[in-house]
Structures are given as C-alpha cells and as structure tokens.
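Asks: below is the sequence, then the predicted model.
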Amino acid sequence: MKIGTIGTGFIVDFFLSALKEIDGAECLAMYSRKEETAKALAEKYQVETIYTDLEKLYTDPTIDFIYVASPNSLHYEQTYRALEHGKHVICEKPFTSTVHESESLMELARKNDLMLFEGITTIHLPNYQLIKQHIGKLGELKFVQCNYSQYSSKYDALVRGETPNVFNPEFSGGALADINIYNLHFVLNLFGVPQSVSYTANKHPNGIDTSGVLLMKYPNFIAECVGAKDTRSMNFVLIQGENGYLHVENGANGCQNVVLHLKDKEVVLNSQTTNNLLYYELLAFKEIFDNKDFDRCNQLLDYSHSVMETYEKARKTADIVFPADHR
C-alpha cells in the first residue's frame, strides 16, 4: 500500500504517524502548493518526494493510493482526478460537499475497479464495535444525545473579520461538516437513516454555521447531536434505554472509554490500545485492500452515501448553501 498525500494540516500528521504502525503501508510522496510548507512533515516521516504539481502526484507510478486531506470543497475534484488516473483513494470526512458529488465518485470508482474510502475514524474504532455488541442490553431506546464541542482557534480569526477556510461557505466549511459529522456517523452507523432530520444552527453573517443542533427522529427514539466550534463543552454520547444507559466519554469521534450502566451495575468497555484514532481505519482499509474485498469497500461506500444524504438534508434545513450546490 504505497500512499501519496494531499494536504499538510494536522490531520496529515496524525495520518502519517498512524501509517508508520501499519505493516506493508508507507507514504512515498506528499503534495503541497509550496514545498516549504511540506518540508517539516516530510522530514519527520522520511517522505522522500514533495510535489508542488498535483498532476505529478497523480501520475507517479510508484503510488497506488492517494490520501485527500484538503479543504472540504476540494475533496470531490481531487478525488475524481485521482480515480481518473487509476489511483485508489482515501478521502477525509466529510466525504464530499453534496450527494451528487458522492454519487459521481462512487460511479467512477466502481467503473474503474478502484477502491474508495471515506476517512472517518468513529465507525472503525474497537470501542465502537463494543457499543454495537452491548447496546441491546439497554432495552427499548428513548434518547441518543451526542455533544462534540471544540473551540476553534480559527474562530478568533472569524470574529476579527477574517474568513478561515473552515468557516467559509466557499470551502464547504462549518460546524456540521467539520465536527458534528462525527456525531452523525456515530448515530447512522448504529441505527441507519432516520425518519426525519432537522438542523438548527448559530450562523455567522456569511451564512456558515459556527455551532448547531441536529435532531433526527427514529420510530421509537430521538437522536440529538450538538456540534460547536464557537464554544467548549464536556464531550459525550449518552444512549438511554428502558434498562439503563451507555456513556461514551469524551465524545463520538474517539469513543475513548465506554461505560454501560444497568440499574445498579456498571461495566467499563475499552479495547483500544492507541490514542491515534486513524490507526484503526487505516488497518481496516489495508485489510480490505490486501484481500481485494470490493464487497466490503462498496458496503462502506453505500454507507457513506447514506450519511451524505442525511447531512445534505440537515444542512439545507438550516439554509446553509455552498457553491457546490449549484454545480
């Protein structure tokens, strides 16, 4: 599994750190608009090649996978071009800006017999699998509450009158896309597509959501997902059933510790051995790639598509519009 990366942000640092722990996987090249921006990361992880021309990355014959970790609005175009050049792709969350974009990528990947993955940590975590195994003990569910709130350093710039990418509609940013998407994945991978969805947001004058509450209605329970980049909070997931509740400490993105409360009984569930959450998704992708398991790859793609459908519906209920909506 020979990988080339697009992007030089903190997530690429985490990705490369996790990659070093995966046998049979390595990063051979990085793309950055400016070589000096990528130098520190390349030296840290002994990546030999830095490209400032994306076409050269796409046509590098030594690379079979491209990892796309650019601003959200660029995910579609860069992933599409990588697939056109015969490369498998791991594209960071959120998968695309729109449902239409996700469908276009899925069609191209399947047509060219290429693997395409959304890079979302939550659903590949061992503790998330433990939640799936034990959730039935809660009995009939009534509420799911998720809160992932993390004050962004970029929010200060927004308040000063600047427009960082993560708070720019032009780059498909916002709290729902950047942070509440973890909560959305947590809920949908457990329970499937909801009957109805609505999103109420705190919005900046430029139209982007800096925080918001996502409500999803299921036949017998309600899921509430809070995501904020303009405030801090205790992060958690609570799943409440008639027989007890399940507490996911520190939020849906990491599932770092899970505590099952059943009447007077408390059970701690934890089988994760590393704090680098990207390790587990990379391990899953590597196994699928090695086994040429296109069935599993397509199952994950179909799931990502269902998340994009729910995400787009939610975004539109809050009148959050991206340029990608008009393409």
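Replies: Yes, it's here.
Asks: for Leu141, which non-adjacent residue is closest in space?
Replies: Computed as Cβ to Cβ, 6 or more residues apart in numbering, the closest residue to Leu141 that is not its neighbour in sequence is Phe221, at 4.3 Å. To be clear about C-beta, it is placed using only N, CA and C from the backbone, and glycine gets the same treatment.
Asks: do you know how far that neighbour is from Leu238?
Replies: Distance of Phe221 to Leu238, given as Cβ to Cβ, to the nearest Å: 12 Å.
Asks: spit out the residues that contact the two alike.
Replies: 143-144 (Cβ atoms under 8 Å, 6 or more residues apart in numbering).
Asks: and Glu249, how many neighbours?
Replies: 17 (other Cβ atoms under 10 Å).
Asks: tell me how far it lies from Glu312.
Replies: From Glu249 across to Glu312, the span is 30 Å (Cβ to Cβ).
Asks: over to Asp13?
Replies: Relative to Glu312, and taking Cβ to Cβ, Asp13 is found at 30 Å.
Asks: more neighbours: which of these two?
Replies: Higher neighbour count among Asp13 and Glu312: Glu312, with 22 against 15, using other Cβ under 10 Å.
Asks: measure how buried the closest residue in space to that one that isn't next to it in sequence is and give me the count.
Replies: Of all residues not flanking Glu312 in the chain, Val99 sits nearest, at 5.1 Å (Cβ to Cβ, 6+ apart). Neighbour count for Val99, taken as other Cβ under 10 Å: 18.
Asks: if I pick Val99, what's in contact with it?
Replies: Contacts for Val99 were tallied using Cβ under 8 Å, 6+ apart; they are 305, 308-309, 312.
Asks: tell me the buried residues in stretch 97-115?
Replies: The neighbour-count check on stretch 97-115 (16 or more other Cβ atoms under 10 Å) flags 97-99, 101-102, 104-106, 108-109, 114-115 as buried.
Asks: now stretch 227-245
Replies: By neighbour count on 16+ other Cβ under 10 Å, the buried set for stretch 227-245 is 227-230, 235-237, 239-241, 244-245.
Asks: rounded to a whole number, what's the mean pLDDT of it?
Replies: Averaged over stretch 227-245, pLDDT sits at 97.
Asks: what's the end-to-end length of that stretch?
Replies: End-to-end distance for stretch 227-245: 21 Å, by Cα to Cα, to the nearest Å.
Asks: chain center to that stretch, what's the gap?
Replies: Chain-centre distance of stretch 227-245: 18 Å, with Cα atoms, centre = their mean, to the nearest Å.
Asks: with stretch 138-154 instead?
Replies: The answer for stretch 138-154 is 16 Å, by Cα atoms, centre = their mean.
Asks: end-to-end on that stretch?
Replies: Its start and end residues considered, stretch 138-154 measures 40 Å (Cα to Cα).
Asks: what about that stretch, average pLDDT?
Replies: On average, the pLDDT along stretch 138-154 is 97.
Asks: so Cys146, which state does it fall into?
Replies: Secondary structure assignment for Cys146 (DSSP: H, G, I helix; E, B strand; the rest coil): strand.
Asks: and it, what does it touch?
Replies: Taking Cβ under 8 Å, 6+ apart, we find Cys146 in contact with 183, 186-187, 223-226, 236-237, 251-252.
Asks: need the buried ones from those selected in ChimeraX.
Replies: A single ChimeraX command is used to select the members of the contacts of Cys146 judged buried by 16+ other Cβ under 10 Å:
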select :183,186,187,223,224,225,226,236,237,251,252
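Asks: so which of the contacts of Cys146 belong to strands?
Replies: 223-226, 236-237 (DSSP state E).
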